[in-house]
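Enquirer: need coordinates for the following:
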Amino acid sequence: MNAVEFRRRGKEMVDFIADYLENLEQRPVYPDVEPGYLKSLIPSEAPLEPESYEDIMKDVERVIMPGITHWHSPYFYAYFPAASSFPAMLADMLCGAIGCIGFSWAASPACTELETVMLDWLGKMMQLPESFIAGTHGHGGGVIQGTASEATLMSLLAARCKAVRHVQSINPKKSEPEILAKLVAYTSEQSHSSVERAGLIGGVMMKKVPTDDTYAVTGDILKKMVEQDKEAGLIPFYFCATLGTTASCAFDRISELGPICNEQSMWMHIDAAYAGSAFICPEFRPLLNGIEFADSFNLNPHKWLLVNFDCSAMWVKKRQDMIGAFKVEPLYLRHENQESGLVTDYRHWQIPLGRRFRSLKMWFVFRMYGLQGLQAHIRKQVGLAKEFESLVRADKRFEICADVIMGLVCFRLKGSNELNQNLLKRITKSREIHLVPCHLTGRFVLRFAICSRTTESRHIRQAWRHITQLTFELLQDNIQ
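Expert: Next up, the predicted model:
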């Protein structure tokens, strides 16, 4: 493919994408295929001779689309949003074309410097303390990770390194394996599975902290566990708080938890992967009160800020705690400006060496929507969740199972877990809307998350009509 054909095919692809998104609600949101469906539709080996672009595009519809779960359909209410917008798509195209691997400042200065500025922009939108903003007199700053899972792992590994060095500064005879065996980290029993996985990868004990009746961790519960573990000779070193849990969008009490972590010299990381985007709205910013106690903080613009995957924003209060844990300097990665104190080499802030020019997506989206446009998007989706909540509450057969604060509604049919499991099976089989479940205090609960940028009130009401029709059929079958 030469430049002439690329121009033509590129324009065709933009039309294809625009048509796909404009007509997405006409497609079944959930695929009707069995595992292994694709293998029989394509050859078992790569072609020897080049094939035509036309044939490839025909196979997109024949092979790929039947197996797609359409995350951007207005009838997709599962998981949490996967952000998408036209400015972000255009920026992704430019990122792919530039194709730089921005592991250091010298590898592509704009890639590094725009990222630093974009994280400062977003940090200021949320009124983060100045200690987290790179362009101030603070010692912190921001970095784009691939996912919140990576951000959590990076914070835990940095905390582990800091804890080992602290213990050895007091008792130089203590070996690292001895110390690691006694380190203990904490997180909510409602936290994302990636937090537990970070503990497994980091080789440290991870304890689950029980939650209150709102599914949040409170200070008194954590303090009691920490004191008991210290008495047993363990070394508490890390706590991952969650603002907006996956199951119910609950908020840990970070204003209570932060002082405890600071007093005990424990690293506090805040995972706000989904809900964190809402902190750009003044009415939701109080949920972030206590951030001043945190050592690191993460949210995913690729969930709720219209920036396409992958783009996970992470801030640290003291960048040296991160850089000092992972700094390796082979000769081929050094450059003459690195000792100036004016440059950032983001390879020291992440697990992989290579990194894409992801800040372009933030730059395009922030400029083309503006803060007010982003706030309007979040407020609209919260309003749609409240509308769905009101529909559920008006039907006495159903109950709301957790406070509706953001764009997630947890609800269920009054009755057994089996009844609700059967309702979800019917919903999934119908392929008209897509939901996923969770467990809250032993109850099987349906999650209804407002996800698509194009979701409107009419989609919410159609989804509720569909759910109530399937409920009627289910209850009738049970009577018979």
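Enquirer: lowest average confidence across helices and strands of this protein, where is it?
Expert: Least confident element among the helices and strands of the chain, by mean pLDDT, DSSP states H and E: helix 319-326 (a mean of 80).
Enquirer: could you measure from residue 186 over to residue 9?
Expert: From residue 186 across to residue 9, the span is 53 Å (CB to CB, to the nearest Å). All C-beta atoms are positioned from the backbone trio N, CA, C, and that covers glycine.
Enquirer: repeat for residue 181
Expert: In this view, residue 181 and residue 9 are 58 Å apart by CB to CB.
Enquirer: and the least confident helix or strand of the chain, what other elements does it pack with?
Expert: helix 148-170 (3 or more CB pairs under 8 Å, 6 or more residues apart in numbering; DSSP states H and E).
Enquirer: so residue 412 makes contact with residue 442?
Expert: No: assessed by CB atoms under 8 Å, residue 412 is found out of contact with residue 442, at 11.9 Å.
Enquirer: report pLDDT for residue 368.
Expert: For residue 368, the pLDDT comes out at 96.
Enquirer: could you number the chain from 197 rather than 1 from now on?
Expert: Yes, from this point I'll number from 197; that puts the last item at residue 564.
Enquirer: ok, now which ones touch the residue lying closest to it once chain neighbours are set aside?
Expert: Counting by CB to CB, 6 or more residues apart in numbering, residue 564 lies nearest to residue 283, which is 4.3 Å off, once chain neighbours are set aside. For residue 283, the contact set (CB atoms under 8 Å, 6 or more residues apart in numbering) comprises 502, 557, 560-561, 563-565.
Enquirer: which of these lies closest to residue 521?
Expert: residue 557 (27.6 Å; CB to CB).
Enquirer: ok, the closest one - how many residues close by?
Expert: Neighbourhood size, residue 557 [other CB atoms under 10 Å]: 31.
Enquirer: in three-state terms, label it for me.
Expert: Here residue 557 is helix, with the state taken from DSSP: H, G, I helix; E, B strand; the rest coil.
Enquirer: wait, it touches residue 291, no?
Expert: Yes: using CB under 8 Å, residue 557 is in contact with residue 291, at 7.2 Å.
Enquirer: more neighbours: which of residue 608 and residue 638?
Expert: residue 608 (23 against 6).
Enquirer: okay, and that one sits in which element?
Expert: Using DSSP states H and E, the element containing residue 608 is strand 604-609.
Enquirer: C-terminal to whichever strand or helix holds residue 566, what's the next element?
Expert: For residue 566, the host element (DSSP H and E) is helix 555-589. Counting by DSSP H and E, the next helix or strand C-terminal to helix 555-589 is strand 594-596.
Enquirer: which secondary structure elements does that following strand contact?
Expert: Packing partners of strand 594-596 (3+ CB pairs under 8 Å, 6+ apart): helix 555-589, strand 604-609.
Enquirer: give me whichever of those is most buried.
Expert: Each of the helices and strands packed on strand 594-596 was scored by mean neighbour count; the highest is strand 604-609, a mean of 25, by mean count of other CB atoms under 10 Å.
Enquirer: how about residue 308: what's its closest non-neighbour residue?
Expert: residue 301 (4.6 Å).
Enquirer: show me the helices in this protein, by range?
Expert: Assigned by DSSP state H, the helices in the chain fall at 199-218, 249-255, 282-294, 305-321, 344-366, 372-378, 389-398, 415-427, 450-459, 497-500, 515-522, 555-589, 613-626, 653-675.
Enquirer: which one of those lies closest to residue 242?
Expert: So among these, helix 249-255 is nearest, using CB to CB, at 12.8 Å.
Enquirer: contacts for that closest one?
Expert: Contacts to helix 249-255, defined as CB under 8 Å, 6+ apart, come from residues 197, 201, 205, 208, 212, 238.
Enquirer: quick one, the helix holding residue 566 and helix 653-675 angle?
Expert: Angular relation of helix 555-589 and helix 653-675 on a 0 to 180 degree scale: 50 degrees, by axes from the mean of the first three to the mean of the last three CA atoms, to 10 degrees.
Enquirer: buried ones in stretch 618-637?
Expert: By neighbour count on 16 or more other CB atoms under 10 Å, the buried set for stretch 618-637 is 618-620, 622-623, 626, 628-631, 633-634, 636.
Enquirer: and stretch 321-333, by the same measure?
Expert: 321-322, 324-325, 327-330.
Enquirer: out of the residues you listed, the closest to residue 590 would be?
Expert: Of all those, residue 590 sits closest to residue 322, with 34.9 Å by CB to CB.
Enquirer: number of nearby residues for the closest residue to that closest one other than its chain neighbours?
Expert: Nearest residue to residue 322, sequence neighbours excluded (CB to CB, 6+ apart): residue 475, at 4.3 Å. Neighbour count of residue 475, defined by other CB under 10 Å: 23.
Enquirer: ok, residue 475 touching residue 483?
Expert: Yes: using CB under 8 Å, residue 475 is in contact with residue 483, at 6.8 Å.
Enquirer: now for residue 578: which residues touch it?
Expert: 474, 602-603, 646.
Enquirer: so, low pLDDT: which residues of this structure?
Expert: The chain contains residues with pLDDT under 70 at 524-539, 676.
Enquirer: what residue is smack in the middle of it?
Expert: The C-alpha lying nearest the average C-alpha coordinate of the chain belongs to residue 469 (CA atoms, centre = their mean; 3.9 Å).
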